[in-house]
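>>> from the sequence below, what's the structure:
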Amino acid sequence: MRLRSLLPVLLAGLAASAGAASAQDLTGTLKKIKETGQITLGTRDASVPFSYLDNNQKPVGFAMDICYKIVDAVKTELKLDKLEVKLNPVTSATRIPLIANGTVDLECGSTTNNVERQKQVAFTNTHFLTANRFVAKKSSGLTKFEDLKGKTVVSTSGTTNIKQINEYNTEKKLGITILPAKDHAEAFLMVETGRAAAFVMDDVLLASLAAGSKEPTAYAISTDALSKPEPYGIMLRKDDAPFKKVVDAATAAFYKSPEAKTAYDKWFMKAIPPRDINLNLPMSEALQQAFAKPSDSPDPAAY
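As a prediction, this is how the structure comes out:
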């Protein structure tokens, strides 16, 4: 009888020991999140409609919605009753260093997944496909990259876009003056005010900036592109397989579900805050295929 009465106590002790052991077995980002009860998301202020500030200065957007799905999955994986979400603003120049040094756990924005960046960080499954184009005032008559010969253009520092336009300028010997901007909003303002003839950036971001401008019909996006469609992905730390497994599973489940199409339409096919602009950008066939078969490949040919 005494042994029987002790059995529940022994079993409870074994269960507690097993729980403690599993917590101790955690490594990397999952261990950090478990120990602190916090997860930090890197947010952008002007990457419409992926991650930007609404009229309450709160980060919102398509990538933010995806990151919150990941947060839910991490909370479930770690069996946490509560998981505090901290929001840490990042820029094109700071996003990779802040992921690499552990300040930010997930970067929720419009970051291109490529081989060069994968040497420093990791990416989860692709959530958008874009190409490098430019926006200019229609009155300028600039429609192709060769039209930029001898002009002053701007691109955001720390992006693949400014790297590509510099390489193109050198290769073609076009004498383009290329100015770096701290963020997308500053770069577009330079075109608005005539300090630059064109802004070289991902086409979807250019479309959102033009749509939200004072004169949306005054701008046109280039007909040609400097790149093939390139994948965007949520960024996380490199060489952290357990965390990446959770993140990949969460994004794959979301993209393959009807929720993904609903979220996409919310941000790309309907009026969005704070100025009720509508990008009217239907989901491309390539992105539909990428969602059906989620992949973290940096190779444009994979899409």
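
>>> for the protein, what spans make up the helices?
With DSSP state H as the criterion, the chain has helices at 2-25, 28-36, 62-77, 95-100, 160-172, 184-192, 203-211, 241-255, 258-268, 285-292.

>>> mind checking the pLDDT average for the second one?
Rounded to a whole number, the mean pLDDT of helix 28-36 is 98.

>>> give the buried residues for it.
Across helix 28-36, burial judged by 16 or more other C-beta atoms under 10 Å covers 28, 29, 30, 31, 32, 33, 34. Quick note: C-beta positions are derived from backbone N, CA and C, even for glycine.

>>> how long is stretch 234-241 end to end?
The first and last residues of stretch 234-241 sit 15 Å apart, counting by C-alpha to C-alpha, to the nearest Å.

>>> that older thread, deepest-packed of the helices of the chain, please.
helix 203-211 (a mean of 23; mean count of other C-beta atoms under 10 Å).

>>> how far out from the middle of the chain is that helix?
15 Å (C-alpha atoms, centre = their mean, to the nearest Å).

>>> next, format the helices of the chain as a markdown table and append distance to residue 48.
Formatted as a markdown table, these follow (distance: least, C-beta to C-beta, whole Å):
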| stretch | distance to residue 48 |
| --- | --- |
| helix 2-25 | 40 |
| helix 28-36 | 28 |
| helix 62-77 | 10 |
| helix 95-100 | 17 |
| helix 160-172 | 16 |
| helix 184-192 | 8 |
| helix 203-211 | 4 |
| helix 241-255 | 21 |
| helix 258-268 | 9 |
| helix 285-292 | 17 |
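
>>> so for residue 153, which of those sits nearest?
helix 160-172 (6.8 Å; C-beta to C-beta).

>>> by how many degrees do that closest one and helix 184-192 diverge?
Interaxial angle, helix 160-172 versus helix 184-192 (axes from the mean of the first three to the mean of the last three C-alpha atoms, to 10 degrees): 50 degrees.

>>> what helices or strands is helix 160-172 leaning on?
In this structure, helix 160-172 packs against strand 132-137, strand 152-156, strand 177-181, strand 198-202, with contacts taken as 3 or more C-beta pairs under 8 Å, 6 or more residues apart in numbering; DSSP states H and E.

>>> report the distance from it to the chain centre.
The chain centroid and the centroid of helix 160-172 are separated by 22 Å under C-alpha atoms, centre = their mean.

>>> how about stretch 168-183?
25 Å.

>>> contacts for that stretch, please.
45-46, 91-93, 145-146, 148-157, 162, 165-166, 187, 190, 195-196, 226 (C-beta atoms under 8 Å, 6 or more residues apart in numbering).

>>> good, we can wrap up now.
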